[in-house]
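In: Provide a 3D model corresponding to the input given below.
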Amino acid sequence: MPKSLLLLCFIFISTFSFSQKSIALKGKVVEETTKLPIESATVYLSSVKDSAVIDYTITNKLGTFDFKIRKITQPVFLKISYLGFQESKTKVPSVDEDKDFGTIELKEASNNLDEVVIKSEAPPIRIKKDTLEFNASSFKLRPDANVETLLKQLPGVEIDAEGKITVNGKEVNQILVNGKPFFDKDGKIALQNLPSDIINKVQVTDTKTKKEEITGQAASSNNASINLTIDEDKNKGFFGKFMAGGGTDKRYESSALVNYFKDKRKISVLASSNNINATGFSMDEIYDNMSGSRNNSFYTSSDGSFGLNGMRFGGNRGITHSNLVGINYSDELFKDFNNSASYFFASADSNNKNRTNQINFLPDGIFTTNSESDLKENKYSHNMNMELEYKIDSTASFVIVPKFAKSNSQSVSNSSEQSLDEANQLLNESSSFVTNENDRTSFENNIDFNKSFKRKGRNISGWLNNENSKTEINNLTNSSTLFYQGADPDDVRNQIKFSRNISDKYNAGVEYNEPVLDSLRVNASVSFEQEKKLEGRETFDFDSTLGTYSIQNDALSNYLTSSRNTIWAKSGFAIEKKSYRLYVNLGQAITKFDNHSLYLGNVVDLNKNYILPIADIYGGYNFTKTKAIWINYNYEVYYPEASQILPVENLANPLNTYIGNPNLDPNTSHRMYFSFRDFDYATRSGYSIYAGGSAYDNQVVSSTTFDANRKRTTTFENIKGTYETWLGFNWNKTIKKEAHSYKFGIGFNAGYDLNKGYTNGELYEANVFDITPRVNFTYDYGELLSINPSYRYTVNDTKYSNYVVSSASSFVHKFNMQVTNYWPKNWIFGNDFGYTYNSNIADGFKKDFFLWNTSISYSFFNKKLMAKVKVYDILNQNQNATRTITPTTIRDEENIVLKRYAMFSLTYKIEKFGGKEKKPTGNRFMW
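Out: Down below sits the predicted model:
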């Protein structure tokens, strides 16, 4: 059915839209003096009457342009713009037939100052030396669209289902507003909540460190940053919205967002409360928080949950009642001192019921574990971030970035579990009642100093970073574990445990760069890192005589510490040419690794010393301004935890005893990455390819033995020869013909891994292959209709050795269709339909379901008020049944989910800039 719907939509749209003839305009752009072609010049048509942008393109590497438009009977200007050259403007009385403009010569600008561009005549897109700049007013959007909608209209910009943003295949890891974070540098709140019509420019650059910004060095990362500049006349005033809604089954939602901007001072306050598994923040007037797994506020995972301050919310795992309050402040308190700060308070009350069926693999057979649990959890968190930057002068700066977080969670769970062999004979069963309180405090601070000297490329930088955390856990367990095979005694517990985990890490270093040539510099650095960890646990059994938990259980009490001191000494060089960059850093890391334990009166000390190599090599080559390749290699080292390396028993889990291995070595691996990207602005299409992987010299893996009751004893071993690899491809193309716009997207992600481990003393291997091809299509008919079907297919196939099972596989189909109608005026009608099919899931778990959401809204009172009715899960089929295949298990799991509800909401908006209320804006050009 999903394929049929997609085909019908495509045939209908294609037949309807390609029936009209278009007119071709072409020509060539060269420098006046050298006659050399100019690549990436902006060629666009604008109306003589009102300067509105009609259409545009970009010249290719030969300097030629060729684009097709509809017939135009009114006079227009053909304008050509390129940085450093005077604008060319040719008046065309009408566009009613194909036309070749021949060779057009651009004169060099008369001075070296930055160009001055009249706002109404700014080209839609401009490619500067290291910045890709879009003129936001050139892209026509629907009223009240947010910044995310604007980004989706920009050529080369892709936003996937999880909210990850790429520009020409390069992942965006920082989004700023006027150069400052808006609550957080990931920018999700800005994308979802800032209206697009206050944005002047969207600037895309390579992400730079503070040192690279100060020294003017090229960016050494393969990530991109987006900076949103606000219109000057919109940078003084305030705007916001208030929303409240109530629905069936006691569902409700409410939110408020208020922003005050005055030049460099920006203050934003937000708040929300709801019980529909949502953050409560979205400027999406159609689907807002109703899209379940497609809610992209803050950051989301593949299950649709979102995270904030280390807490997870929603994600189709129970019903969550969440509350959120946040404030963001940025300003320049005095000259050359910039500061920004944000604070969040979040709380969530969740209820969930879980049912799991798990098949466990052994060399000589399998056994099955079935479990059920009922969990109630209450949690809250405080989070405060700041960034302070003082520019001593044009060559030196201090940056201080402190972060503080405090979180608390309290939970109560009832669970039961049983394991059966292949003959359906009971091996063990357990039941438990557990209450748990987890309180965590953390503080991080980064202090950076950067100083550049007169000679370009000569600079020195220093840093001091710290990460401190403390976690205290109070756990009350009342459990009974019964064994039916072998001689293991039953395990009955009624006890309380007090656990404390402390982690302190400090890192300080200095780096010096010296230029050898204009494009070559050498560097040397030395840094020191100290990390200390403490794990302590005290357990007290219940004293039935006194009625208190006062009998100390020494077998379940322990004290572990680890201390790691590492000195890194590195040197290297950097080559930065116009078309390529290469960075090489090599050195050695000297580590002293000390571990200590106190258990049952016995003291164990384990001290180790390591000298390991450092290798960090990366670079890229730019074939053109939009076509590039990037490669990097790292030698990575990760040290085991004290519990993994100390030969001390951990009996906390009655079904799994852990003991460390004193002969364990660190994880060491070779990590590689490759990417190639190309986007052609002239044809409005592009693609990217990426691949990478890690090959392990040493990997820490678990080694588990099972007794007759299938009670585990787990230790750890080093394995060689394992690896993980991944590969991905994305292609997109946009076609515009009069009022019709088509956007095609095709891609896939794939991986192939080799995992190893030990079960009952025998080495097993698992070759894991997964691939997810996907296709996406968006059709827009002016401002009246939008259709967006998408489909993805996920396959997981695992081949085993040394198991009675030779392979396991599963596949998932996901189809989604969004249809949104914006007619009649002030009305919006949206439908979001999805179908999911899971294969090979165990009996008793439903394999497929439909999820259909719909909404209808009406705007009135000059669009300040909007009334909306929405229905979530019309068919009442939503569910969360998943299959997970690992190298040792196949796990089928089901959680309760949000089911059908209807809700009415009312939204009020206010926008006042420069003391005046916002007036309706004109239409923007839609690319």
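
In: what lines up beside the longest strand along the chain in the sheet?
Out: Secondary structure of the chain read by DSSP state E shows that its longest strand is strand 365-393. Using DSSP bridges, strand 365-393 pairs in its sheet with strand 337-362 (antiparallel), strand 396-421 (antiparallel).

In: would TSV of those strands with distance to residue 637 be doable?
Out: All C-beta spots, glycine's among them, are computed from the backbone N, C-alpha and C. Shown next, in TSV, are the strands paired with strand 365-393 (distance: least, CB to CB, whole Å):
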stretch	distance to residue 637
strand 337-362	31
strand 396-421	26
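
In: Which one of those strands lies nearest to residue 540?
Out: Nearest to residue 540 among the strands paired with strand 365-393 is strand 396-421; the distance by CB to CB comes to 19.6 Å.

In: Mind checking what secondary structure the residue lying farthest from the centre of the chain has?
Out: Distance from the centre of the chain peaks at residue 545, with 54.4 Å (CA atoms, centre = their mean). Classification of residue 545 using DSSP: H, G, I helix; E, B strand; the rest coil returns coil.

In: about what we covered before: for the longest strand of the chain, give the mean pLDDT please.
Out: For strand 365-393, mean pLDDT rounds to 94.

In: returning to that earlier point: need the strands paired with strand 365-393 in JSON lines (columns: distance to residue 469 and mean pLDDT).
Out: What follows is the strands paired with strand 365-393, written out as JSON lines (distance: least, CB to CB, whole Å; pLDDT from 0 to 100):
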{"stretch": "strand 337-362", "distance to residue 469": "18", "mean pLDDT": "93"}
{"stretch": "strand 396-421", "distance to residue 469": "9", "mean pLDDT": "95"}
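
In: Residue 373: which of those is closest?
Out: Nearest to residue 373 among these is strand 396-421 (3.8 Å), distances taken as CB to CB.

In: Pull out the buried residues from the helix or strand following that closest one.
Out: Scanning forward in sequence from strand 396-421 by DSSP states H and E, the next helix or strand is strand 426-452. Going by neighbour count (16 or more other CB atoms under 10 Å), the buried part of strand 426-452 is 427-430, 432, 434, 436, 438, 440, 442-444, 446-452.

In: One more: stretch 471-480?
Out: By neighbour count on 16+ other CB under 10 Å, the buried set for stretch 471-480 is 471, 472, 473, 475, 476, 477, 479, 480.

In: Repeat that for stretch 883-894.
Out: 883, 885, 887, 888, 890, 891, 892, 893, 894.

In: Those residues: which two are farthest apart?
Out: Distance extremes for the buried residues of stretch 883-894: the farthest pair is 887 and 894 at 22.9 Å, using CB to CB.

In: who touches residue 88 in this structure?
Out: By CB atoms under 8 Å, 6 or more residues apart in numbering, residue 88 lies in contact with 29, 79, 80, 81, 104, 105, 106.

In: swap that for residue 827, please
Out: Applying CB under 8 Å, 6+ apart to residue 827 gives the contacts 821, 856, 857, 858.

In: What's opposite it in the beta bridge?
Out: Note on residue 827: beta-bridge partners by DSSP bridges are residue 858.

In: how near is it to residue 799?
Out: Residue 827 sits 55 Å away from residue 799, taking CB to CB, to the nearest Å as the criterion.

In: next one: residue 537
Out: Taken as CB to CB, the span from residue 537 to residue 799 is 40 Å.

In: same check, this time on residue 211
Out: As judged by CB to CB, residue 211 and residue 799 stand 47 Å apart.

In: Counting neighbours, go ahead and name the busier of those two.
Out: residue 211 (22 against 15; other CB atoms under 10 Å).

In: Where does that one sit: helix, strand or coil?
Out: helix.

In: Equivalent analysis for the one 10 residues further on, please.
Out: Going by three-state DSSP, the secondary structure assigned to residue 221 is coil.

In: Report pLDDT for it.
Out: Reading off the model, residue 221 has pLDDT 80.

In: Name all residues that make contact with it.
Out: The contact partners of residue 221, by CB under 8 Å, 6+ apart, come to 206, 207, 208, 209.

In: Not counting sequence-adjacent ones, nearest residue to the first one?
Out: In other words, residue 206. residue 219 (3.4 Å; CB to CB, 6 or more residues apart in numbering).

In: list the contacts for the one you found?
Out: 130, 205, 206, 207, 208, 212.

In: do the same with residue 850
Out: Here residue 850 is in contact with 833, 834, 835, 875, 877 (CB under 8 Å, 6+ apart).

In: Provide a list of residues in contact with the last one.
Out: When contacts are counted by CB under 8 Å, 6+ apart, residue 877 touches 849, 850, 851.

In: please redo it, this time with the cut-off set to 6 Å
Out: When contacts are counted by CB atoms under 6 Å, 6 or more residues apart in numbering, residue 877 touches 849, 850.

In: what helix or strand does it sit in?
Out: For residue 877, there is no host helix or strand (DSSP H and E).

In: ChimeraX command to pick out the buried ones of the contacts of residue 221?
Out: Listed next is the ChimeraX selection for buried residues among the contacts of residue 221, using 16+ other CB under 10 Å:
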select :206,207,208,209
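
In: In helices, which of the contacts of residue 221 fall?
Out: Among the contacts of residue 221, no member falls in helices (criterion: DSSP state H).

In: of the contacts of residue 221, closest to residue 149?
Out: When those are compared for distance to residue 149 (CB to CB), residue 207 wins out at 23.5 Å.

In: from memory that closest one sits against residue 222, does it?
Out: No. Counting by CB atoms under 6 Å, residue 207 does not reach residue 222; the two are 8.7 Å apart.

In: And residue 279, what's its pLDDT?
Out: Confidence at residue 279, expressed as pLDDT, is 67.

In: and what of residue 918?
Out: On the pLDDT scale, residue 918 gets 56.

In: Please apply the same query to residue 52.
Out: So residue 52 comes in at 67 (pLDDT).

In: likewise residue 762?
Out: In this prediction, residue 762 carries a pLDDT score of 92.

In: which among the contacts of residue 827 end up buried?
Out: With burial judged by 16+ other CB under 10 Å, the buried subset of the contacts of residue 827 is 821, 856, 857.

In: how about the nearest residue to the second one, chain neighbours excluded?
Out: Meaning residue 856. Nearest-residue entry for residue 856: residue 829, 4.9 Å, with adjacent residues in sequence omitted and distances by CB to CB, 6+ apart.

In: Residue 754: which of the buried residues of stretch 471-480 is nearest?
Out: Nearest to residue 754 among those is residue 471, at 34.6 Å by CB to CB.

In: So what pairs up with residue 733 in the strands?
Out: Assessed by DSSP bridges, residue 733 has beta-bridge partners residue 685, residue 744.

In: Spatially central residue in this protein, please.
Out: residue 164 (5.0 Å).

In: Now for the residue lying closest to that one once chain neighbours are set aside, which secondary structure element holds it?
Out: Of all residues not flanking residue 164 in the chain, residue 171 sits nearest, at 6.6 Å (CB to CB, 6+ apart). Applying DSSP H and E as the criterion places residue 171 in strand 170-177.
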